[in-house]
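Trainee: coords below, sequence missing:
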């Protein structure tokens with residue numbers, strides 16, 4: 001823990017208290033003083049549910065270049081930094097229906113325990129029997145003095161219902177240890193910046209330490225001063241935005257008429273952007289280098305009225321391919337998810353890498369994934385996987401569609417991501433599906 005001790009000592013030496021630490025520890029001057037020459041590598045996992053529309057998702061190739069169709073069009077600006085991976089399959093078998101295995105085996109790459117949760121027509125099941133890749137990377141980075149961060153990982157949610165089952169959890173700290181995402185930005189702000197003195201106001205987060213931070217700022221270099229000011233400004237703006245909303249607007253209640261249908265709050269688009277801003281800010285300030293962003297849940301019946309879609313998402317995904325209206329609405333839904341992904345990518349691309357050249361996107365690999373390849377067939381084959389960014393840190397060659405052999409185990413992608421983060425493991429999840437090693441993404 002020498003790195004943590006050195007950082008605390010340095011903070012004390014410039015007069016920083018525990019209350020100001022969340023605003024300071026990621027500044028380049030303080031980070032380099034505590035852990036010189038510590039290169040940053042980050043990973044963000046972005047989940048959206050219920051499969052895709054293959055004919056509107058998979059790019060065509062012309063003259064060796066990808067031609068994005070409707071669903072991926074929001075990423076057009078960053079096409080040369082995108083990899084679309086065709087041919088990956090979740091080959092984990094065992095208990096549980098395909099939505100359950102699709103969700104809870106997605107990041108773990110291992111089977112579900114036997115249990116009593118019944119889904120579809122398959123056997124009942126319990127929680128996943130292994131750790132998820134995000135938590136595996138968290139443990140790896142936290143064990144290294146040069147890469148330790150305040151939280152290790154952060155789990156963000158958007159409109160995740162208040163229930164716990166294999167359809168709602170993709171992150172696992174270990175066997176039988178699901179990790180719940182935080183989908184209330186107020187709770188995430190409190191986690192990031194400590195308990196609030198005034199429970200009714202988030203603005204007090206900055207107000208309570210502004211005097212002390214002003215004194216400390218005089219001792220900082222120009223780059224650290226600028227980053228600190230941007231950090232404080234964003235926290236204040238997000239706090240004010242959330243304070244303007246009624247508490248009830250942050251809930252995602254289940255209606256009385258049908259316990260299988262969720263009514264998604266009309267503020268979901270706004271809350272999505274707030275959560276993304278908090279995520280990027282936490283990465284920029286080195287509070288974590290591993291994050292997940294989970295939209296809703298598998299089998300979720302989100303009603304996305306802001307898109308003009310009144311039907312539940314899961315119900316629509318079961319409609320046959322010849323239902324043109326359902327296909328159009330599902331395409332709109334997936335376009336919206338990709339638009340939120342594009343906002344995340346833009347925020348990373350426009351944020352300079354603290355203490356270095358380039359942007360944060362250069363050193364952050366974002367992985368967009370789904371629990372199914374196609375909703376109405378419940379296939380776990382040819383799941384849509386997209387990676388964006390991370391050229392400097394991962395060594396991945398980007399701007400292409402990779403056509404892998406049919407039913408390539410997705411465990412091999414997690415090996416590639418782990419290796420790109422410096423974690424040279426030989427297997428992840430079910431060893432059977434790691435025999436051919438990591439995918440060659442270089």
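Mentor: Cool, got the structure. For clarity, every value in this text was computed on a predicted model and none was experimentally measured.

Trainee: any weak-confidence spans in the chain?
Mentor: Residues of the chain that meet the criterion pLDDT under 70 lie in 1-17, 30-39, 195-204, 208, 245-261, 263.

Trainee: for the longest strand anywhere in it, packing partners?
Mentor: Ordering each strand of the chain by length in residues (DSSP state E) puts strand 400-409 first. Where contact means 3 or more C-beta pairs under 8 Å, 6 or more residues apart in numbering; DSSP states H and E, strand 400-409 is packed against strand 82-89. For every residue, glycine as well, the C-beta is placed using N, CA and C.

Trainee: could you check the angle the strand it packs on makes with strand 400-409?
Mentor: Relative orientation of strand 82-89 versus strand 400-409 (axes from the mean of the first three to the mean of the last three C-alpha atoms, to 10 degrees): 20 degrees.

Trainee: show me what contacts residue 175?
Mentor: Shown in contact with residue 175 (C-beta atoms under 8 Å, 6 or more residues apart in numbering): 113, 127, 128, 129, 130, 131.

Trainee: could you count how many residues lie near the last one?
Mentor: Right, residue 131. 24 (other C-beta atoms under 10 Å).

Trainee: does it fall in a helix, a strand, or a coil region?
Mentor: Counting by DSSP: H, G, I helix; E, B strand; the rest coil, the backbone at residue 131 sits in coil.

Trainee: quick revisit: and the next helix or strand along the chain from the longest strand of the chain, how far out from the chain's middle?
Mentor: Where DSSP states H and E defines the elements, the next helix or strand beyond strand 400-409 is helix 411-420. Relative to its chain's centre, helix 411-420 lies at 16 Å (C-alpha atoms, centre = their mean, to the nearest Å).

Trainee: wait, residue 80 sits on residue 397?
Mentor: No: the criterion here is C-beta atoms under 8 Å, and residue 80 misses it with residue 397 at 10.6 Å.

Trainee: all strands of the chain, in order?
Mentor: Going by DSSP E, the chain shows strands at 42-47, 60-62, 65-67, 82-89, 152-158, 171-172, 178-179, 288-295, 364-369, 385-389, 400-409.

Trainee: pipe these into TSV and attach mean neighbour count and distance to residue 222 per row.
Mentor: What follows is the strands of the chain, written out as TSV (neighbours: other C-beta atoms under 10 Å; distance: least, C-beta to C-beta, whole Å):
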stretch	mean neighbour count	distance to residue 222
strand 42-47	26	25
strand 60-62	10	46
strand 65-67	15	41
strand 82-89	21	34
strand 152-158	24	29
strand 171-172	26	38
strand 178-179	18	39
strand 288-295	25	25
strand 364-369	25	24
strand 385-389	24	27
strand 400-409	16	39
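
Trainee: save those as a markdown table, and put in distance to residue 194 too.
Mentor: A markdown table is the format used below for those (distance: least, C-beta to C-beta, whole Å):
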| stretch | distance to residue 194 |
| --- | --- |
| strand 42-47 | 23 |
| strand 60-62 | 50 |
| strand 65-67 | 45 |
| strand 82-89 | 37 |
| strand 152-158 | 15 |
| strand 171-172 | 23 |
| strand 178-179 | 21 |
| strand 288-295 | 16 |
| strand 364-369 | 26 |
| strand 385-389 | 30 |
| strand 400-409 | 42 |
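
Trainee: break the protein into its domains for me.
Mentor: 1-38+184-251, 45-178+258-267+288-434 (automatic domain parsing).

Trainee: please identify the deepest-packed of those domains.
Mentor: domain 45-178+258-267+288-434 (a mean of 20; mean count of other C-beta atoms under 10 Å).

Trainee: now do the same end-to-end measure for that one.
Mentor: 21 Å (C-alpha to C-alpha, to the nearest Å).

Trainee: residue 170: what's it in contact with?
Mentor: Taking C-beta under 8 Å, 6+ apart, one finds 47, 103, 104, 106, 107, 132, 292, 294, 371 in contact with residue 170.

Trainee: thinking again about what came up before, so which of the domains of the chain comes closest to residue 276?
Mentor: Closest approach to residue 276 among the domains of the chain (C-beta to C-beta): domain 45-178+258-267+288-434, 5.0 Å.

Trainee: I'd like the distance from that closest one to the chain centre, please.
Mentor: On C-alpha atoms, centre = their mean, the centre of domain 45-178+258-267+288-434 falls 8 Å from that of its chain.

Trainee: ok, longest helix in this protein?
Mentor: In the chain, taking DSSP state H as the definition, the longest helix is helix 324-350.

Trainee: just the angle between that helix and strand 364-369, please?
Mentor: Using the same axes, to 10 degrees: helix 324-350 against strand 364-369 is 170 degrees.

Trainee: tilt between helix 324-350 and strand 385-389?
Mentor: Computed by the same axes, to 10 degrees, the angle separating helix 324-350 from strand 385-389 equals 20 degrees.

Trainee: show me what contacts residue 391?
Mentor: Residue 391 touches 81, 362, 398, counting by C-beta under 8 Å, 6+ apart.
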